[in-house]
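**Student:** Give me a 3D structure for the following:
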Amino acid sequence: MSRQFTRQSKLRRPAQESCVIARPKNTQEVIAILNDPERFPGPVRPVGSGSGSTRCARTNGTSIDMSGMNQLIRRTADTVTVGAGMQLRSLADKLAGEGLELAGAYEYPERTVGGLIS
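**Tutor:** Numbering: from 1, shown residues only. Below is the predicted model:
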């Protein structure tokens with residue numbers, strides 16, 4: 001069996017088997033996906049920017065593309081709440097626009113917040 005490769009981020013990986021791709025914009029849509037196994041069969045896996053080096057997001061069930069959940073939800077004096085699909089570069093830019101800084105170093109600014117904490 002030959003292996004096909006797709007370009008995703010800067011890494012090369014085997015092409016994903018046939019699967020359903022869902023692109024929710026909010027938490028309620030994620031809940032609806034999880035509650036509808038007829039349209040969105042398992043296993044269900046979240047997918048961020050594809051910068052990870054493991055194949056844990058590969059599935060022949062449903063991939064949830066988190067990129068639509070990329071909004072800044074809430075900011076307090078010392079915390080921010082953002083969607084799992086927000087890229088680190090976008091978060092750093094939003095914070096810089098308010099005179100704040102994203103603590104820590106990050107070598108892959110295209111990574112999503114959800115991928116970073118997973």
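**Student:** For this protein, which element, helix or strand, carries the lowest mean pLDDT?
**Tutor:** Ranked by mean pLDDT, DSSP states H and E, the weakest helix or strand in the chain is strand 5-8, scoring a mean of 42.
**Student:** What distance do you get for the most centrally placed residue in the chain to residue 74?
**Tutor:** Taking C-alpha atoms, centre = their mean, the centroid of the chain lies closest to residue 48, which sits 2.2 Å from it. Using C-beta to C-beta, to the nearest Å, one obtains 21 Å as the distance from residue 48 to residue 74. Every residue, glycine included, has its C-beta placed from N, CA and C.
**Student:** Quick check: which ranges of the chain have low pLDDT?
**Tutor:** 1-17, 50-58, 105 (pLDDT under 70).
**Student:** Could you rerun that using 50?
**Tutor:** With pLDDT under 50 as the threshold, the chain has low-confidence stretches at 1-16.
**Student:** which stretches of it form strands?
**Tutor:** For the chain, strands defined by DSSP state E occupy the ranges 5-8, 11-14, 20-22, 44-47, 62-65, 72-75, 80-82.
**Student:** what helices or strands is the fifth one leaning on?
**Tutor:** In this case it means strand 62-65. Judged by 3 or more C-beta pairs under 8 Å, 6 or more residues apart in numbering; DSSP states H and E, strand 62-65 is in contact with strand 20-22, helix 27-34, strand 44-47.
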